[in-house]
Each structure stands twice: as structure tokens, then as C-alpha cells.
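J.: what's the 3D shape of this:
(chains A and B)
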Number of protein chains: 2
Amino acid sequence: MDVKEQVLKIGADALAASRELARLSTRKKNAILEAMAEELDAQRGFIQAENTKDLTAGKVNGLSAAMLDRLELTDARIDGMIKGLRDVAVLNDPVGDEISTWNRPNGLEIKKVRVPIGVIGIIFESRPNVTCDAAALCFKTSNAVILRGGKEAIHSNMAIAGAMQKGGEAKGMPGGAIQLIPVTDREAVKVMCQMTEYLDLIIPRGGEGLIKAVMEMSHVPVIKHYKGVCHTYVDAAADLDMAWKIAENAKCQRPGVCNAMETLLVHKDIAEAFLPKMGETLEARGVEIRGDETACKLIPKAIPATEADWYEEYLEMILAIRVIDDVDTAISHINQYGSSHSDAIVTQDAKAEKAFLAEVDSSSVYVNASTRFSDGAEFGMGAEIGISTDKLHARGPMGLEELTTYKFVIAGKGQIRE
Amino acid sequence: MDVKEQVLKIGADALAASRELARLSTRKKNAILEAMAEELDAQRGFIQAENTKDLTAGKVNGLSAAMLDRLELTDARIDGMIKGLRDVAVLNDPVGDEISTWNRPNGLEIKKVRVPIGVIGIIFESRPNVTCDAAALCFKTSNAVILRGGKEAIHSNMAIAGAMQKGGEAKGMPGGAIQLIPVTDREAVKVMCQMTEYLDLIIPRGGEGLIKAVMEMSHVPVIKHYKGVCHTYVDAAADLDMAWKIAENAKCQRPGVCNAMETLLVHKDIAEAFLPKMGETLEARGVEIRGDETACKLIPKAIPATEADWYEEYLEMILAIRVIDDVDTAISHINQYGSSHSDAIVTQDAKAEKAFLAEVDSSSVYVNASTRFSDGAEFGMGAEIGISTDKLHARGPMGLEELTTYKFVIAGKGQIRE
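T.: Take a look at the predicted model:
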């Protein structure tokens, strides 16, 4: 079989499995998740041996130390995957939930019921634990999943998927429920993106290049987990002690993630009171500051920001700072340069708060809190498959409910339309 | 300006308008809808004169009688548009509704709030009243809309959109809220499909060719209102009197619409009792029957169906009939040949009902009722913008709620992440 035939066969098998998955009880699904956890544990040695092949090849191919670190399956990381499977088993299963029920004057009873989406494709990059985490969430919601990981992790991904299949199928999981594309040819992604007859959704997880390529190629609906250019706006009416803490947390607590702050906006009226101390705190934490003219005056070590800085997702200890005129300018700045992810205002002024929360067009808008809370677990959703920066179907953190759709179930007694 | 520049300018204006629309109160939006209704009435003569230009050109260009009929703006149809605007004004405005609210252990208060989607593109074919109906629903939900109609209705569409703009803007509607693409060049559709910076959603409404073209071209998310290959399955345990009435209604009450039945599936055990009389009834209504071997034996005037018939959306007085072994075969047939629109089982057997409703993967599944009820108004949603055959964001009839998305609004008192 060539790559296209191989991927299409995987698609057909996934569709067939999705029909069987829709019939599995929650109890059975949870038992299968437990069996997967046990099999991962049993195959720990094999998984790590396969992982070593990837690590060795990665060193030969000159992968960076950061990439090699992400690739490595330490004992702790395998424990994390095993725990993740058990955590998903105890989460509520949304499939079959009645979202609403109503009766029509003609006696028809209409129920809106949660059902699986069907077949979901996940296209991701280096971290092999995504294989396990994403497959578990799709399986719990009775979706078949087709995984396509990066070629630098192919042995690790195959070993993890193989263990999940072996453990799951022994307990009655349909073959085809969890499949990993075994070819690393880029052609495989192209075929996935066009097989609308089998795939209901593609979720790309990774860098900007991957996501843009999938978006431009795909005829299958895509939910993007795109970049987070997150802002904190310190209003004229801010509690400055609170603002210093929130800004420091949003930038420094974990700078490499999508909900970390990348740009700090400061109202001109409090810039002199706020920025010098903010600059000292950030510099003490090792943050490089790129400021507009006013910010550079108030923070001596700041270097001048360029227009490109306002669009930048640094994902590291760099922060852009801009001093602005008012809340409306803050809103305009965020809507123009931001990525519709997570943005916060720090203020004690109800009017500024209301305008900011209503008009900033982002999936999560905060008043007086750190943007770092944008996360499925922090929102109380249990696990998350990622954070959608799209507006359709799912926005912000995506948990199990967001991996379902609905159908209308209508019960009659012979009603016909007049 | 060339076509591309012109369409991009429309996109930029729509995005700017969408920010203003998000700030309009429901009361103001309703007053604007009333002003549009009044202006449509005031411009009735002009609209009909413009419509005559399209009708004259249509005759010259050899449009069919059916197409010319769809194109014509009679007084009754203009009254229908005016009434439609007033009906939308009295519907509940979902924007700002709190879908849910919860508190986290750290004191954060999280609200999931309904917000407009942003900018919606509607690409449609001949009926000019879609200009009014679709624009009204998008406006009511504070979405900016970009309409692109068929070239055969360009004068009519421009006149309707012009009246809505004039009436609405006089009452404070932002310019750019409702725009119709004035060029009929196909290039305009291509530009729309690629302007992801301005458009959040495209809804194509029309024939299979239009929808496929948009789907293949678009980088903007698309919700398809695709064909309806709807089935009625008469089970072995059906009440035959009920089944005759439901099948006749589903096929004949209005055969040209997407929720009409195209294929009748009959359990082999009741085929002899059911099909001869069904055949007589349908023939008396003028229905051409295309049957499998058994159906052709039991209905003398039936002609043999080919494989292609099972996929066909006739939209006219033609019906395919197949005799099958059991409910599982019915489910497999529908999932293979259907279009995931609306499908019904007629049965008194709870087990068959349960399997059918759970396993038929369609947006609306019925027991003991006609598929003709798949409709926003019949479901009690008020108006509908169409019936989605997709699974993401909106499935089945799409009302005002389905033209919104949500955002998370998080209120804190200085919380930072540990």
C-alpha cells in the first residue's frame, strides 16, 4: 500500500470503530482505560527502549537540548501518563447527557442529547505523552482517534499507542479506536486533511507553522490551538500592589506556556508610580523588557520595542510594555495585536472593568487575576485537550464536553406535518 | 479597486462594525429591525423595479420557469420579508445570556457568557429574500454579515440590502453591519473564503456544487447546509396505519425541501402487508417509485433502483424503496447512504427504537413521526438560518443561539497561580 491507501484504510477502520464506540457503556470504557494504564506500566521497559532509539536519532540529527528534553520518557513521565489515564477514568462521561428536553404543542417530545463527534484527528509535534493524553480523552468520549505525531518521536509514539491498543483491546476496545499513523511522510498529513469521508475534526497541536499548514490544507473542520499573545492591562484605577503581583505571576510563573503574559499595557496616569518598581521586579526575575518610548524612560534597562514586538508570542523571559491613554486604547490594542486567547484588566473601576470584559474579543477575559488560570483543570473541567483560539464549537479550554456534539431525538405518536 | 481590494475593504468594514454591534442593546437592535421593515415597505416600488431587471435578464439568459419563480419578488414575498423582520425583533436575544456560572476553590468566579460570533459570510443562490432573512438573524445576534448572492438576483439583492442599510443606519446601525458584495465575479467568493483575518464563519446555502466549491476553497470555518437524503424505516413492529400516513407525509407534503423523505426502508416481515397499499397511495399522489427486487415485485409500477438511487436527493416526486432484513441493516444503510440530516423509524418495539435513535448518526432522529418536522420553527426555535449537516458548533436547525459563541469571564480579587 502507498501512503494514501494506508491512511485511508486507517480512516475507514476509525469510522467503523466509532460506530462501536458509541455503544460502549461508561463502565466498560473506564475498565478499558484502567487496562491501558496497567499495560503501559507493564511495557515500561519496552517503551523506554523505543524512546532511546528516538533520543539517539535525535542527537545524531542535532535536535536542541530543549527538544531532546521534551522527547525523553523518564519514569516520572510514564507515571504521569498512567496517572492521566486513571484520572480520565474517574471524570464524568458527557456522552448521553440530555442537554435539554421540551414538548411541542403537537405533542412531539424533543431531546437534545450529547453524542460523540465521531472520528478526531490529532496532529502534534514532539512530546510523546500527547499520544496517551489525547487518545484517552477521545476514547472517554467515544470518539475514534487518529494520531499523527512528529517523526522525531515515532518509536516512542508507536510504543505508547501499541500498549494502549493491546491493553484496551483485551478488555473489548474496538480495533481502530486508537490508531497512530506509522508513516512519517508528510504526505500522510495531506491525506488526513482531505479525508472528509472519515474525519469529523482535526485538532493541530504545535507551532505556528504546523497549525497554518493544516489550516490551509484541510477540508476537514479544524479547531486551532494557536498561540497566546496574552495581555495584562493595568488601569488608572488599579490597586498597584495587586497589579505588581499579577503581572509578575502572569509573566514569570511559567513563561513557556500559551497563557503567560507577553505584553503589559499601562495607563499613562499611573505609569510613573507603577513602572519603575515593576521594572525592578521583572529585571530581578531575569526578564528582558522591550518598551515603548515612555516605558523606556521609566525603566532604564528597557530596550525599544518595534511594531513586531506587539504581535510576538515570546514564550520566554521577554516582555513588551506599552503605555497607553485609556481603557479604549487597551481594548483596541488587544483586539488588533492579540491572539484572542486570555487577557486581563487590573482595576477597581467598574466602568473600565465592564468595557474591557465586554469588548476584548478573547476566549478568556479576566478582571484582577493572572491570565495563567486559563487551563481546563484550573477552570474545573478536569482534563483538557488544549485551549481553542477559534470561535466555533469550542472556545478556550476544551474538556470532555467540547469533544462531543449533539443530536435531536424526537419522539412522536404518528405526528405528520400539516 | 480590483475585486480583491473591494472584498477586503468590505471585510475590514464588517470587522469594525462587529465591534460596535457588540455594544448595541437589544432594545436598540429591535428598533433598528423595525426601521428596516418600514424602509423595505417604503421602497417596495423600487425593489420591484430592480427585481424586474433581474427577471428580464433571466428570461434572456434562459433561466428555467422554476428559477424565475424563485427570483420573483411578488407583493406577498415582500410582505413576507417585512413580517420576517418583525418576527425576528420579538425573538429573545441570546447575546449576553449566562450559560453557566461557577466558583473555584481559590475564589475565582467564572461565567460562560454568550457573545456574537463576529463576522459571518453567507453565500447563497437564487432566492433574493435570503438577503433579508439571513441579514436579520445575523444582526439580531450582533454579528456583522457579508452577503454574496447569485448573479441572476444582483439587482434585487442590492435593492433589498440598500433598503435595510438605509432604514437601519437612520436608527443607529453601524455602517458595515450588513453588506452585500456588489460584484458578481466568482473571484469575490474566493477572496471571501480566504480572508480569515475578517471572517469568522461562512455559511453556504444552495446546491451541492456551490457547497462543495466553498468547502474546498475555504480557510474560513464553514458550516454546511448540505443535502437531505432522509429515510423512513418501517420496522416489523410498526403500526401500519401510522406508517402509511407518516411515509406519505414525509414524501409528498413538500417534496422539494431538504427534510422530505427520499428513501423508504421496509422490514421484510411486513413488506407484503405494507408495500402494495403504500405503492397505491404514492402512485395516486403522482410519486415515481424506484424499488429493489422485492419492492418491485410488490409494487407493479415500480422501476428498478440502481446503486446511485440510494444516494440521491431527488427533491421531487420520486422515492427509492428498499426491503431489508432488520433494524441493524436499516441503521447501516442510513449511515452509509444518508446525509446525516433527518431519519425516522416507525415501530412499537422499544428495543428497535432505542437502537435506531442511538446508532443512526444524523442530526435529527425520529420515532413515529414525519421527518418534515426538522425545522427551526417546528422545533420551537423561532426563525432559522438553515439546517446544519455538520457536526461541529451547530447540528440540525440553526436558530439565533447557534449564531453565537461564548467567552469565559473571570472575576478575581488578585489571585495568582501558585
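J.: show me which residues of the stretch 201-350 of chain A sit near chain B.
T.: Residues of the stretch 201-350 of chain A lying near chain B by C-beta under 8 Å from any C-beta of the partner chain: A:201, A:215-216, A:219, A:221-223, A:239, A:242, A:245-246, A:248-250, A:253-254, A:335. Using the backbone N, CA and C atoms, a C-beta is placed for each residue, glycine as well.
J.: at 10 Å what do you get?
T.: A:201, A:212, A:215-224, A:239, A:241-243, A:245-250, A:253-254, A:259-260, A:331-332, A:335, A:340, A:342, A:344, A:346 (C-beta under 10 Å from any C-beta of the partner chain).
J.: partner strands of the strand or helix carrying residue A:233 and their direction?
T.: Assigned by DSSP states H and E, residue A:233 belongs to strand A:230-234. Strand A:230-234 pairs in its sheet with strand A:261-267 (parallel), strand A:342-346 (parallel), by DSSP bridges.
J.: please identify the most buried of the ones you listed.
T.: strand A:342-346 (a mean of 32; mean count of other C-beta atoms under 10 Å in any protein chain shown).
J.: mean confidence score for stretch A:41-48?
T.: Across stretch A:41-48, pLDDT averages out at 98.
J.: and whichever residue of the stretch 101-250 of chain A sits closest to chain B, helix, strand or coil?
T.: Closest approach between the stretch 101-250 of chain A and chain B, counting by C-beta to the nearest C-beta: residue A:249, at 3.6 Å. At residue A:249 the chain is in helix, as set by DSSP: H, G, I helix; E, B strand; the rest coil.
J.: grab the nearest non-local neighbour of it.
T.: With C-beta to C-beta, 6 or more residues apart in numbering or on different chains as the criterion, residue A:249 has its nearest non-adjacent residue at 3.6 Å, and that residue is residue B:416.
J.: can you check the pLDDT for the nearest residue to residue A:207 once chain neighbours are set aside?
T.: Take residue A:207 and drop its neighbours on the chain: the residue closest to it by C-beta to C-beta, 6+ apart is residue A:125, 6.6 Å away. pLDDT, residue A:125: 88.
J.: let me see the contact set for residue A:125.
T.: A:67, A:70, A:149-153, A:204-207, A:209-210 (C-beta atoms under 10 Å, 6 or more residues apart in numbering or on different chains).
J.: ok, the residue nearest to residue A:372 when sequence neighbours are not counted - how many residues close by?
T.: Excluding its sequence neighbours, the residue lying closest to residue A:372 (C-beta to C-beta, 6+ apart) is residue B:417, at 3.9 Å. For residue B:417, the number of neighbouring residues by other C-beta atoms under 10 Å in any protein chain shown comes to 19.
J.: just confirm residue B:417 contacts residue A:254, I think it does.
T.: Yes. Applying C-beta atoms under 10 Å, one finds residue B:417 in contact with residue A:254, separated by 8.0 Å.
J.: quick check: neighbours shared by the two?
T.: The contact sets of residue B:417 and residue A:254 overlap at A:260, A:372 (C-beta under 10 Å, 6+ apart).
J.: the helices in chain A, which residues?
T.: For chain A, the helices defined by DSSP state H cover A:3-21, A:26-42, A:44-60, A:65-71, A:75-90, A:129-140, A:154-170, A:187-194, A:208-217, A:240-252, A:268-284, A:293-298, A:327-337, A:350-359.
J.: buried deepest among those, which one?
T.: Using mean count of other C-beta under 10 Å, the stretch among the helices of chain A with the largest mean neighbour count is helix A:129-140, at a mean of 25.
J.: and the angle for that helix with helix A:3-21?
T.: Between the axes of helix A:129-140 and helix A:3-21, defined by axes from the mean of the first three to the mean of the last three C-alpha atoms, to 10 degrees, the angle is 40 degrees.
J.: picking up where we left off before, show me the contacts for the residue of the stretch 101-250 of chain A closest to chain B.
T.: A:232, A:260-261, A:369-373, B:414-418.
J.: looking at these, which is nearest residue B:282?
T.: Relative to residue B:282, the closest of the contacts of residue A:249 is residue A:373; by C-beta to C-beta it sits at 61.3 Å.
J.: any idea how far the nearest residue to the closest one once chain neighbours are set aside is from residue A:252?
T.: In space, and not counting its chain neighbours, residue A:373 is closest to residue B:417: 6.0 Å by C-beta to C-beta, 6+ apart. Computed as C-beta to C-beta, to the nearest Å, the residue B:417 to residue A:252 distance reads 11 Å.
J.: same question, residue A:382
T.: 27 Å.
J.: contacts only, for the nearest residue to residue A:277 once chain neighbours are set aside.
T.: Excluding its sequence neighbours, the residue lying closest to residue A:277 (C-beta to C-beta, 6+ apart) is residue A:244, at 6.5 Å. Each residue near residue A:244 by C-beta under 10 Å, 6+ apart is listed here: A:234, A:238, A:274, A:277, A:278, A:280, A:281, A:282, A:346.
J.: now render the residues you listed as TSV, adding pLDDT.
T.: Below are those laid out as TSV (pLDDT from 0 to 100):
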residue	pLDDT
A:234	98
A:238	98
A:274	98
A:277	98
A:278	98
A:280	98
A:281	98
A:282	98
A:346	98
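J.: between the residues you listed, which sits nearest chain B?
T.: The closest of the contacts of residue A:244, once distances to chain B are taken by C-beta to the nearest C-beta, is residue A:346, at 8.4 Å.
J.: now do the contacts for the closest one.
T.: With contact set as C-beta under 10 Å, 6+ apart, residue A:346 has these partners: A:232-235, A:237-240, A:242-247, A:266-267, A:274, A:352-353, A:356, A:366-370, B:412, B:414.
J.: so residue A:110 makes contact with residue A:406?
T.: No. The pair residue A:110 / residue A:406 is not scored as a contact, 11.5 Å apart, by C-beta under 10 Å.
J.: in chain A, which strand is the longest?
T.: When chain A is parsed with DSSP state E, its longest strand is strand A:404-415.
J.: how far away from the center of its chain is that strand?
T.: The chain centre lies 32 Å from the centre of strand A:404-415; the measure is C-alpha atoms, centre = their mean, to the nearest Å.
J.: tell me the strands beside that strand, with direction?
T.: When pairs are called by DSSP bridges, strand A:404-415 turns out to pair with strand A:109-116 (antiparallel), strand B:364-369 (parallel).
J.: for the stretch 51-200 of chain A, what lies in contact range of chain B?
T.: A:96, A:102-113, A:115-118, A:194, A:196, A:200.
J.: give me the buried subset of those.
T.: Among these, those that count as buried by neighbour count (16 or more other C-beta atoms under 10 Å in any protein chain shown) are A:108, A:110, A:111, A:112, A:113, A:115, A:116, A:117, A:118, A:194, A:200.
J.: confidence score at the most centrally placed residue in chain A?
T.: Centrality entry for chain A: nearest residue to the mean C-alpha point is residue A:386, 1.6 Å, by C-alpha atoms, centre = their mean. pLDDT recorded at residue A:386 is 90.
J.: so who does it touch?
T.: A:122, A:124, A:130, A:133-134, A:137, A:203-205, A:223-226, A:258, A:376, A:394, A:397-398, A:402 are the contacts of residue A:386 under C-beta under 10 Å, 6+ apart.
J.: find the nearest non-adjacent residue to it, please.
T.: Nearest to residue A:386 is residue A:225, by C-beta to C-beta, 6+ apart, at 3.9 Å.
J.: doesn't residue A:376 make contact with that neighbour?
T.: No. Under the criterion of C-beta under 10 Å, residue A:225 is not in contact with residue A:376, lying 11.8 Å apart.
J.: fine by me, we can end here.
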